[in-house]
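> test case, fold it:
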Amino acid sequence: MNNLIFLVVIAIALFIIGVIVGVEYKHEIDTKIAFFKRKYRENKKEVIVSGIGILFGLMVGVSITLIFPKNSIGMLADWISSVGTLGAVIVSLWLATGRKSRLKICHGQNIKKSHQKEIYFIAYNLSDISISLEFYGVKKKEDKVFKREFELIPQRVKAGEFQKQSLEVSFIKKELGIDDNYKGDIICCFAEPDGSKHCETINWQKEMLKFKKAQAKITDN
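As a prediction, the model looks like this:
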């Protein structure tokens with residue numbers, strides 16, 4: 001009787017802990033579930049084929065055990081271990097496949113009527129499903145923190161559409177501590193809720209040269 005009460009108490013405690021963890025990390029859990037659902041939809045055929053292959057391998061292992069009963073437990077364990085390793089490799093490759101190819105990041109230059117120069121950054125959604133994206137901002141290659149003018153929340157970008165954000169050149173110079181003669185690169189970045197980053201490297205001197213040419217055309221006109 002005491003053992004039964006103890007097991008009931010343990011079960012209730014685990015249930016309460018599960019509820020607390022679920023509420024506390026609901027957003028993260030939902031994000032991960034949505035990620036795996038999306039990966040499954042994108043690679044449905046590959047997942048099914050891999051699953052069939054793993055089940056076939058297990059069936060072969062069981063068959064070997066039945067046919068060769070001597071030392072069968074060790075053989076089966078080795079076989080299951082091999083199949084499990086193969087499955088892990090397949091899943092890892094599946095999760096990594098196509099992550100960078102779904103988005104195209106690019107940028108452009110703009111000079112406002114007030115003669116303020118700005119760089120706009122665009123993330124094109126090349127996949128066939130909606131993607132949630134947040135503009136992280138810009139940074140120098142060696143920096144760890146991205147800079148942007150204000151806090152942004154992730155935006156849903158439908159298939160075939162894009163998200164566009166812009167920063168004034170004066171803001172970039174001030175926040176990154178650079179000027180027109182800076183010889184390094186800057187990086188702009190968009191990110192998905194699971195932390196996957198999609199970035200573009202921009203040569204700063206080439207960018208400033210483009211602005212000079214654009215200003216020269218405006219002056220000539």
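> show me the strands in this protein, by range?
Here the chain has its strands, by DSSP state E, at 103-111, 117-125, 131-140, 155-157, 162-168, 185-191, 197-203.
> out of the ones you listed, which is closest to residue 15?
strand 131-140 (31.5 Å; Cβ to Cβ). Yep, even glycine has a C-beta here, placed from its N, CA and C like the rest.
> thinking again about what came up before, so which of the strands of the chain gets nearest residue 16?
Among those, strand 131-140 sits nearest to residue 16 (Cβ to Cβ), with 31.5 Å.
> CA atoms only: put the closest one into PDB for me.
Output of strand 131-140 as PDB, limited to C-alpha atoms (Å, rounded to 0.1, in the frame of the first residue of the first chain):
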ATOM      1  CA  ILE A 131       8.700  31.700 -42.800                       C
ATOM      2  CA  SER A 132       8.900  33.800 -39.700                       C
ATOM      3  CA  LEU A 133      11.900  36.200 -39.900                       C
ATOM      4  CA  GLU A 134      13.400  38.800 -37.700                       C
ATOM      5  CA  PHE A 135      15.900  41.400 -38.900                       C
ATOM      6  CA  TYR A 136      18.900  41.300 -36.500                       C
ATOM      7  CA  GLY A 137      20.700  44.300 -38.000                       C
ATOM      8  CA  VAL A 138      24.300  44.800 -39.000                       C
ATOM      9  CA  LYS A 139      27.700  44.300 -37.400                       C
ATOM     10  CA  LYS A 140      31.400  44.200 -38.300                       C
END
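> next, the angle from that strand to strand 197-203.
Going by axes from the mean of the first three to the mean of the last three Cα atoms, to 10 degrees, strand 131-140 is angled at 40 degrees with respect to strand 197-203.
> hey, which helix or strand in the chain has the poorest pLDDT?
helix 72-96 (a mean of 57; mean pLDDT, DSSP states H and E).
> just to revisit the earlier point, okay if I get the strands of the chain as TSV plus mean neighbour count and mean pLDDT?
Shown next, in TSV, are the strands of the chain (neighbours: other Cβ atoms under 10 Å; pLDDT from 0 to 100):
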stretch	mean neighbour count	mean pLDDT
strand 103-111	15	91
strand 117-125	19	94
strand 131-140	21	94
strand 155-157	15	92
strand 162-168	17	94
strand 185-191	20	95
strand 197-203	15	93
